[in-house]
Each structure stands twice: as structure tokens, then as C-alpha cells.
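Participant: kindly generate the corresponding structure for this input.
(3 chains)
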Amino acid sequence: MSRASAIQTIGIPLQPEPAPKGHSLWGDAFLRLRKNKLAVTGLLFLLVECAVFAFTPWVAPYGFETQDLSNTLAAPSALHWFGTDTLGRDLFTRVLYGGRISLLVGVLASLVSVLIGVLYGATAGFIGGKLDSLMMRVVDVLYALPFIFLVIILMVYFGRNIVLLFIALGFTQWLTMARIVRGQVISLRQKEYVDAARTMGVTQFRIVLRHLIPNSLGPVIVYLTLTVPTVVLEEAFLSFLGLGVQAPMASLGTLISGGVEVMEIAPWLLLFPAAALSLTLFSLNFLGDGLRDALDPKGAKD
Amino acid sequence: MGLGYLVKRLAVMVPVFLLVVTLVFFMIRFAPGGPFSGERNVSPEILRNLNAKYHLDKPLMEQYFSYLSDLSRGDLGPSFKYANRTVNQLIAESFPVSLELGAIALMWALAIGLFAGGIASMKPNSFWDYVPMSFSILGICLPTFVIGPLLVLVFAVWLEWLPVAGWNSWEDRILPSLTLGFAYAAFISRLTRGGLLEIRNQDFIRTARAKGLSETRILVVHSLRGGLLPVVSYMGPALAGIVSGALVTETIFNIPGLGRFFIQSAVNRDYTVVMGTALLYFALIFVCNFFVDVAYALLDPRVKYE
Amino acid sequence: MMGKKTIALLTLTALLGAGCTGRNQPIEKDVIVIGNGAEPKDLDPHLVTGIPEHHINQNLFEALVSVHPETLEPIPGVALSWKISKDGKEYVFNLRKDAKWSNGEPVTASDFVYAWTRLLKPETAAEYAYQGYYIVNGKEFNTGKLKDPSQLGVKAIDPHTLKVNLVNSTPFFLGLLYHHSLYPVHQKTIEKWGAAWTRPEHIVTNGPFILSKWETNKIISIVPNPHYWEKEKIALKEARFLPIENLDTEEKMFRSGKIHITNEIPLEKIPSWQKDSTGVYQTHPYLGSYFYWINVRKKPLEDKRIRKALNLAVDRERIVKFVTRGGQLPGNVYTPPGTGGYEPPAILPTGATRLEEAKKLLAEAGYPGGKGLPPIEILYNTHEGHKKIAEALQQMWKQNLGVQVTLFNQEWKVYLDSMQQGQFHLGRQGWIGDYNDPNTFLDLFISDNGNNRSGWKNPAYDSLMEKAGRELDLKKRLAIFTEAETLLMDELPLIPLYIYTRNYLKSKAVRGWTNNVQDQHPLKYVSLDHETAK
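Facilitator: Prediction:
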């Protein structure tokens, strides 16, 4: 990615300032997270990446659409760090702009899908019975709707709208999330502590919110980190339908799919965008795993 | 659970199926463009002839009911795009291919995914964790449209060990099934590791460990059952997806499977094929999720289905 | 433990061994394998519309008049000879007596009467029915105004004499006869099997080959027709057409020796194949023109000066050299040069002064330096090649004129719908000629042509085109076309960009496969030389 973040990954340990000595769940979690070197590296990488993306228009050496037709498919050099594409545009610049969009789309759409998926799945799993059955059949129906038509129709009625992009992306992803959470909750709701809470007269809503959801967070976080790249790549498919970014702007997804076509002639056009996505994902995963470990009090010392 | 549960579930399927038919039928008609638009316009007179031939000139409700009546006889209608074939024929030709490809890919995915996830969960945050998990992340970042051409380039073009494309001999099965299975393996390994880590801190595992059982034994005998729940949840949609969603793999390796009809029929506005594939997909999802729920009950005795 | 290790070792050797035996086996002798693009819609000559279907059909069926693969001149097909009346409206064909269907029955004049009636019958719903509109009462019958097929201008005088009456003298009629919509079809087979008559187990054809196998999305295989009148001339034992939609896969299959001829070459790989010295790279001009429609109903494009400025600011040399890169001809003209002996007038300025002129025109129209110009959008359907051209044009207009143009891609059918509704400013089009005559291109801009998406209507142009349709003298006719195209290039409801080339790969073993602008490759003349292949 950027120069700054490259140094960061080599691992100059930047100590965050000492946390207050809290004893809350989140305070403890933060303390534990800080000890996890990989998670901290991941977090720092993401922070630096966000900073670079925030200032992309000032950091980028060229315009994302500026062409130089006499210098197409140039190999990486001092002038063009990542080389140039089939229209002679600077790939480094395009990866910066593309990464910015993709990270935004990936994280936002994943969060949307997780939010819907967790609430829906937990409700279905906890209440069970007829409602569970009904809610899960709704999920089945939604799976079966041809996605491509859904997007086209949404576009016809609502035009090219960035909100639509998140709806379309979140739509496909929350379904599986809901199934996973429901599965977790079904097995958790029989646990002793849930029974205990119930006998103590805790409301159902609080049981779901305070006991069942936090205890299913492990798989949720894992699935969330898996969702981000899926969403980023799916955005490329939506570009195919005319939703998503419009040329000449790029996203990591469209850069990667364009890179495949010139894999044998100009491998850097595939390599750099794929590396940018992978590095981001590595960081997200380490952070996600760190968070999961940190949030699980039983796993504190093993 | 037992026969009663199965009957109940099937009874539920009928209205849900009808709902899917109705939703999809009307939904696809709202999209712009029809089956006969092309780079060249068909003149209004000829378009009228075409619409009459395929009964598209009738009122939409009439078309809907005649579709339902055909469907009740198991007739999915003629394809608009592939004029001399019916949807039934197209599915009959391509579904077995997809099933075979999907089954092999699933074998790879489960074998690689469970193995890698299992190894990684035994010693978290060690070398044995990082290596398989890094591969898994790579597997997710490199989608099929990257992995496929890459495998072909290395094993078929450079090394010349395996065929480039086709679906004739058993060698033709290796690269596409690996390509398709890879992404699923990555997901499965992550979910397996997560699920196993979750369960290894639970009391009964601690007890087992205190009794001095070996880590391998603990993993295989005790943790796998509970730890696999997220994987099992994921398998329902994954199973359906792996059989029907192989579009990219099928195009890269030129395999005559069902996957490509899902997108192509939508792009062609081949209404009958869109309906056929959507209904088939729904049936697949339904069956897979049913098996998943059964597997759930088997893995976790506390789960009950009334 | 030993057991496990042995198994692991065996698996590994099996995998490696598979590698060695599973290599790309040589293709059998005299079997040609051809990459053929998309899966055919059908093989019914009246229903198909695409090029992949034509590649196969031209070998399964024989038309009245065939085409010479090198000169593209009409040569005898089922008809041995023909007579044309003085006014050019009546054709009498004398059919050969040894022409047979693949079931051994003779091909007669009434087979053509049946076939052309079927083409025009409204219930057939043939998209190419208009190819029969040249025949007397063809249009009336097809549109339902006339119910009696016996009034069509096609008659069987006797089993071997066919008389055709045309509405107008149609100078390109002989060339049209080679079009698949006018092939003969076998009545009894169609009546017996309905839509399924083109399945390999039912189909009856009259060409040099017959269909032997068809697996959807996998293979279509044809073998010589034992009843064909010139069967001893056919050298091939079998031809296999593989539907390969992924160009990259196709190219890799060619490199590993699995196919003899590819349908295309991936855009980005053309330059490296051009450098290849083994002679497998093939390129030739093709009867097609790539251009942008300008929607003259939209502001500011109703102004001819803006249209001309946009045209002048496009550097077509750079487009073909750096963007399309397949050896295309820069589209300084609209009709492909050489179409039916026609040379289009080169009136679009190409010199260095054109940019000055463009800026001047823009200023005259009231938008100096592009200031105040209403937004213009390029609409295209999602496709890497279209996107690249749109991106390059956007930059050219920005740099050369200061005009800001936005891009918008749509899914294929949505795009077609927008174009049809006139919901666009600039939209792309690739127009492939149906026959080797300028009419197939210039006809597109007639006011009432359903495919004229520009909204441009010009009575002078219409009357010129009508005049050309009536002119019998070739030279005078071409002069009228020149006049029409000059008018078109002055009014500019379009931005011509390039004239197509076909780029593909052909194994050196293939003989008798000649390149021509219409991409006609009858396999009857093709053979394989296995010595050079090694």
C-alpha cells in the first residue's frame, strides 16, 4: 500500500498510551487486546490505511483518470510505482482511489449485513417454534430471488444511488449471517445460565441482548471478517450491472477483475490490487481474532 | 424429531414454494428489456409475431396462471433463447454436471477446510495457526476468477500436467473442482477454527483435558461436535451455492453446467429459464437447510425440533 | 503409520502420474476443432440470428447460390444457373438434378417455395423475415395483410425450375440468397418434430455436412453428408464446434493444441500475438463499422456544429493504435471501404488543423472552451472493450475541447431499452453488414429505419437511398451512395470510430480456409495437413 503503512507492517512498535485501569468488560478486553501484537499491528495498519485514504486526493501522484496512451502497460518504475494500466493510467493512484471506495463499501455493507443478520437470527433462534420456522422460510425465499433482477429493478425505480449499493450488498450477506447466529442461539438458549436468568425473571429481550448475542460474537466476528472481502469483490459484479462505481473511477474489485485479463502480459496489474486487498484483510482478520479472544473472558490465560 | 417433523416441513414447503413462484414471476417482468431485444431492433410487425408465438401478448395474469398450470404438470416451458430446447431439457442436461462438480469441490473444501481449521485451533497464535490461516485469507482474497486462470496457467499451460478446459475425462475434473472448492475451504477453515476455539474453553473440554486426554483426542472426540455448529450453519447455503453458483468456474473451464444459466438467463431475459433455475435453487436451499437442521440436532443433543 | 505414509505417497504419484498421462492428447486425424463463441440458439435457419449459428449452418445447408470463399462472387449452389430479366425483377433458377437431402430425397423447387413461405409465415416469427420482403407480397404476407401464401412471388415451375419475382430490382439479390434465412428446409421433418426438428436425432439437411452430435454448452459435431452431390470433394472426417465464451480459455486451449481455430483473441493479447512469427495469427478486414450514435433530439446535440466538433476532436488513429489495437482501420468513414466495390468519401478532416476547427465550431455554437455546455453522457453496455473506448474518448474531449463528458454503463438489456427509448446522448453501436453491399450500412440512417437510434430524419437522404435502390447500373448506383454518405458525414448524427477487423488464431495444419470480409468459411473446401502440424 502506501509508504507509511509499509513501514508500519515491518513492525516498529508504536505503544498506544496506557489505558485507564478500568474493570468493565470492554476495559478488560482492551487491555487484553493490547497485549496481542498481531491484533495491534492489524489495527495500526488499518488506521494508517484510513488516514492515507482520507487524504488520497492530496497523496495521489496523478489523476485517477489521466491517461498516457503512449505509455500503456508500463512496468513498475520510479515514475509509476505500480506501473500503468491498459490506458496508461498510474496504477498506484488508481489503487489508492479504488482502495478508498472498496474499504468504505466493504466495511459499511458488512456492518449493515451483520446488524440485520444478528438481530434476525437471534430473534428466530431464541423464540423458536412457529416464529422461527416462519422467519427461516422467509430467509429461504429471499435466497431464491434472482439477485440480478432485484438490483436491476431497484435501479430502475430508484436510480443510481449509493444507498442502493449498500442495500444490494447487505441484502445477500445478511441471510447466511442470520442462519449462523440462529444456530448458535439455539444451542445457547438451553444453557444453564440462560435458564438461571429466565428463572430470575430477566426479560426475554434482555436475555437475547445481554447473554445470547455476546456469547455468539465469536462466529459473528469471524464471519464478519469473511464478509468484507466478499462484499468488496461483489461490488465489482454490481459494477457490471451499472450499480457501483462508474468508469473511469475504479474499485479494488474492478481493478482485480481487470488485472486478471492481463495476468500474463502485465502481472503487476493483478498483483498490486490483490496485495492491497489481502493486506487489508490480513489486518482485519488479526484484529478480529484479537477482539474475539479479548472478549472471551474464559480464554484469558490458556 | 422424526417422520412427523419431516411431514410438517414438507407441508410448509408448498405455500412457500408458491410464494417464490409468484414473487419471481412478477419480479422478472418488471425489469426493462425483453427476451427479443438485441443489437438490432426487431421491427414492430415481427415483434408482434414473436410475442404471439410465445404467448407474451396475453395479459400477465393469464400468463401467470398458465405457467402455474404447466408447472403443476412438471413442465417448465420452452426456453426463449435456446429455441429448440425446453427448460426441463436444459436442466436435465446440465444439473448432473453441476452436481458432480459441486460434490468433488465440496470434498476438497471439507477436507482442506476442516483439516486446516482443526490444526490451527490446536495451538492458537502459533506457527501452526498462522500458516493455514494465512492461506485461508489468501483464498478469500483471491476469488475464483483469479484462482482459476492462475491454476490453468501453471498446471495446464506451463507444466502441461492437466487439460486447460473441457469436461470429458477425469483429469478435466481436477482443476475446476479445486478452483471452486478453494474459496469454500477458506471459509470453512476460518469457521472451524473459530468454532473450535470457542468450545475448547468450555467446561467439559477442560474436564477432558484435566483427565489427561491428548489434544488430538479432545479435538476429534469432544470439540468437533459442538465446534462445528457454525460450519454446519454455513453449509446449507454453501451446498446450494456450490452446486448452482459455479458460473465463473464453469466459464473458465468451459464446463456445460447449470451455473451459467443463472446469470445468462437473466441477462437474456429468458423468463422461463430464470424461473426454472430460481425454483431449482429454492428447492436446493430447502433440501440443504433441512439436512443442516437435522445435522444440528445430531451434533447437539440439546437442540430439539418439535 | 507406514500405511498412512504409503497412501500419501501413492496419492502423490497418482496426481503426478495423472499429470503425465492427462496431457493434451492430439486431436484425431482429419477432425477439425473450432472455437465457436456462444452456444447456438438453434440451428433452424429461419430462427437463428447469430454468427456462431451461421458458422455451423453454412455447412449443414446449401443455398440456391453459394459464395466463392475467396472472391465472394456468387457461384452455383443448388441452382446450376439462373436468368435475370431486363428490369431486374424476375429471376429463374435452374436447379441441379443431383442435389439431395441427407435422407436421400431430392431437393426440389417446391422445397424452396415451402422454406420461403415458412420464413414469411407470421407464426414462424422469424426475426430475419425482412430478408423475404424483397419478394413480391413478402411483407404483406408476413405482416398478416395477406393470408394466401400462393400469391408470394416464388413459384415452382417444375421440380427443377424456380421462379422468383421481386418488388424492386434488387441488385444485391444473388448475394442475399446466401443468407441463412433463405436456405431450403425439409418440410416433412419440420411438420413431424416441430421445434425439436433441429435436434441431431431428427434433423434433415441438404448441405455438405450433417449434424451428428449436440450437447448444450459442450459440443456440436458435424460429419460429411453421404448424399451430398459433391461428397468426394470433402476432405474432413468430422468438424467439432466448441462453444467457448471465455476468450482467455479459448486462447489457452489453442496454445495447448486442443483447437485448430479460435473465434477471437482476447483484446489484451492481440499485440503479443501480432509479434508471433509462427504464422498462426490471422487478421483481416471485416464487414462491420463501430460508431457512436448521437441523439440529435437531446440538447446540445441538436446543433450540427457541436456534433462536428465532437467528431473532429476524436483522434481515431490513436484509438485504433493504442485502445482497440487489433489492426482496425480508423473510422474516418462510416461504410467499410471496399463493401461491394464501394469506396466511401473521406471528408472528415484528419490533419492537425482539425482541433482548431473543432474549437472554433464549439465557440460558434456558444460554448467557447466548453463553457456552459449542457452535460453529455456516454451510454454503453458493460464490456471491457466498450469501456476502454469510452474512457479514451472522454479524455480526448476533455483535453482537446475542454468538454466534460460522463460515462454510464448499463446491463445489456437495460442498455438496449434505454437506446430504444432514446434515453441517451451518445451510445455505441457495432453494425455488421448482412450482405456485401453499401446498402446494408447506409440503409440504417433512413428516417423510418427501426434501428436508426439517432432521431435524425433527412428527406434528402431518404430520397437518395430510394434512388439507389432503383438504379440498375452499378457505377451510377455507387455514385448515389457516395452522395448519400457525403450528406451523412456532413450532418453527422454519428461518430464513426473504426472499421472492424477479425483477429483469430489458426493452426498451420489447416488448409483451404481463406480470410474474407464476410468471414465465410465453408468447410467443404477445408482440409488438415498433419505433417506441418508436427
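Participant: ok, C:Leu152 - contacts?
Facilitator: Residues counted as contacts of C:Leu152 (Cβ atoms under 8 Å, 6 or more residues apart in numbering or on different chains) are C:Val113, C:Trp116, C:Thr117, C:Leu120, C:Ile135, C:Val136, C:Asn137, C:Gly138, C:Phe141. All C-beta atoms are positioned from the backbone trio N, CA, C, and that covers glycine.
Participant: at 6 Å instead, please
Facilitator: C:Leu152 is in contact with C:Asn137, C:Phe141, counting by Cβ atoms under 6 Å, 6 or more residues apart in numbering or on different chains.
Participant: distance of it relative to C:Ile75?
Facilitator: Remark: distance between C:Leu152 and C:Ile75 (Cβ to Cβ, to the nearest Å) = 26 Å.
Participant: and stretch B:153-171, does that touch chain A?
Facilitator: No: Stretch B:153-171 stays clear of chain A (Cβ under 6 Å from any Cβ of the partner chain), getting no nearer than 6.8 Å.
Participant: does any part of that stretch sit near chain C?
Facilitator: Yes: Stretch B:153-171 comes into contact with chain C (Cβ under 6 Å from any Cβ), by way of B:Val157, B:Glu160, B:Trp161, B:Leu162, B:Val164, B:Ala165, B:Glu171.
Participant: quick check: which element contains the residue nearest to B:Trp128 when sequence neighbours are not counted?
Facilitator: In this structure, B:Trp128 finds its nearest non-sequential neighbour in B:Ile119, 5.6 Å apart by Cβ to Cβ, 6 or more residues apart in numbering or on different chains. Following DSSP states H and E, one finds B:Ile119 within helix B:87-122.
Participant: do the same with B:Ser37
Facilitator: B:Ser37 belongs to no helix or strand, assigned by DSSP H and E.
Participant: report the contact partners of it.
Facilitator: C:Lys413, C:Leu416.
Participant: please list the residues of the stretch 401-534 of chain C that sit near chain A.
Facilitator: Counting by Cβ under 6 Å from any Cβ, the stretch 401-534 of chain C sits next to chain A at C:Leu407, C:Asn409, C:Gln410, C:Glu411.
Participant: and the last one, how far is that from C:His227?
Facilitator: Just to be clear, that refers to C:Glu411. Counting by Cβ to Cβ - C:Glu411 and C:His227 are separated by 46 Å.
Participant: do the second one as well
Facilitator: When Cβ to Cβ is the yardstick, C:Asn409 and C:His227 sit 50 Å from each other.
Participant: host element of the residue nearest to B:Phe30 when sequence neighbours are not counted?
Facilitator: Leaving aside its sequence neighbours, B:Phe30 sits nearest to A:Ile153 (Cβ to Cβ, 6+ apart; 5.1 Å). Using DSSP H and E, A:Ile153 sits within helix A:147-158.
Participant: hmm, the next helix or strand after that helix in reach of chain B?
Facilitator: Note on helix A:147-158: by DSSP H and E, the next helix or strand toward the C-terminus is helix A:162-188. Yes: using Cβ under 6 Å from any Cβ, helix A:162-188 comes into contact with chain B via A:Thr176, A:Arg179, A:Ile180, A:Gly183, A:Ile186, A:Ser187.
Participant: and C:Arg502, what's its pLDDT?
Facilitator: C:Arg502 is assigned a pLDDT of 90 by the prediction.
Participant: with C:Lys4 instead?
Facilitator: pLDDT at C:Lys4 comes out at 43.
Participant: got the end-to-end distance for stretch C:123-138?
Facilitator: 14 Å (Cα to Cα, to the nearest Å).
Participant: if you count neighbours, what's buried in it?
Facilitator: C:124-138 (16 or more other Cβ atoms under 10 Å in any protein chain shown).
Participant: measure C:Leu95 to chain B for me?
Facilitator: 28 Å (Cβ to the nearest Cβ, to the nearest Å).
Participant: number of nearby residues for residue 246?
Facilitator: Assuming you mean chain A. Neighbourhood size, A:Gln246 [other Cβ atoms under 10 Å in any protein chain shown]: 14.
Participant: try chain B instead
Facilitator: 28.
Participant: how about B:Thr207?
Facilitator: 11.
Participant: could you export the helix or strand it falls within as CSV, CA atoms only?
Facilitator: For B:Thr207, the host element (DSSP H and E) is helix B:203-210. Presented in CSV, the C-alpha positions along helix B:203-210 are these (Å, rounded to 0.1, in the frame of the first residue of the first chain):
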residue,chain,number,x,y,z
ASP,B,203,-16.0,-26.7,31.0
PHE,B,204,-16.4,-30.2,29.6
ILE,B,205,-13.3,-29.8,27.4
ARG,B,206,-11.4,-28.5,30.4
THR,B,207,-12.5,-31.6,32.3
ALA,B,208,-11.3,-33.8,29.5
ARG,B,209,-8.0,-32.1,29.5
ALA,B,210,-7.7,-32.4,33.2
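Participant: tell me the phi and psi of C:Phe254?
Facilitator: phi -60, psi -40 (degrees, to the nearest 10).
Participant: contact partners for it?
Facilitator: Contacts of C:Phe254 by Cβ under 6 Å, 6+ apart are C:Thr262, C:Leu505.
Participant: tell me the SS of C:Leu379?
Facilitator: strand (DSSP: H, G, I helix; E, B strand; the rest coil).
Participant: give me the distance from whatever helix or strand B:Val7 lives in to the chain's centre.
Facilitator: Assessed by DSSP H and E, B:Val7 sits inside helix B:3-30. Centroid separation between helix B:3-30 and its chain, computed with Cα atoms, centre = their mean, to the nearest Å, is 19 Å.
Participant: how about stretch A:236-255?
Facilitator: 17 Å.
Participant: list of residues touching that stretch?
Facilitator: A:65, A:94, A:98-99, A:101-102, A:151, A:155, A:165, A:232-233, A:235, A:257, A:273, A:277, C:382, C:387, C:391, C:407, C:409-411.
Participant: one more: stretch C:477-487?
Facilitator: C:Tyr342, C:Pro344, C:Pro345, C:Pro438, C:Leu442, C:Tyr461, C:Leu464, C:Met465, C:Lys467, C:Ala468, C:Glu471.
Participant: now do the same end-to-end measure for stretch C:511-528.
Facilitator: Terminal-residue distance, stretch C:511-528 (Cα to Cα): 6 Å.
Participant: which residues sit against it?
Facilitator: Against stretch C:511-528 from outside (Cβ under 6 Å, 6+ apart): C:30, C:58-59, C:67, C:69-70, C:72, C:208, C:234-235, C:239, C:284-287, C:502, C:509, C:529.
Participant: so which of the residues you listed are in strands?
Facilitator: C:Val67, C:Ala239, C:His284, C:Pro285, C:Tyr286, C:Leu287, C:Arg502 (DSSP state E).
Participant: can you redo the residues you listed as TSV with distance to B:Phe36 and neighbour count?
Facilitator: Shown next, in TSV, are these (distance: Cβ to Cβ, whole Å; neighbours: other Cβ atoms under 10 Å in any protein chain shown):
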residue	distance to B:Phe36	neighbour count
C:Val67	29	23
C:Ala239	30	23
C:His284	32	15
C:Pro285	31	19
C:Tyr286	26	20
C:Leu287	25	26
C:Arg502	27	20
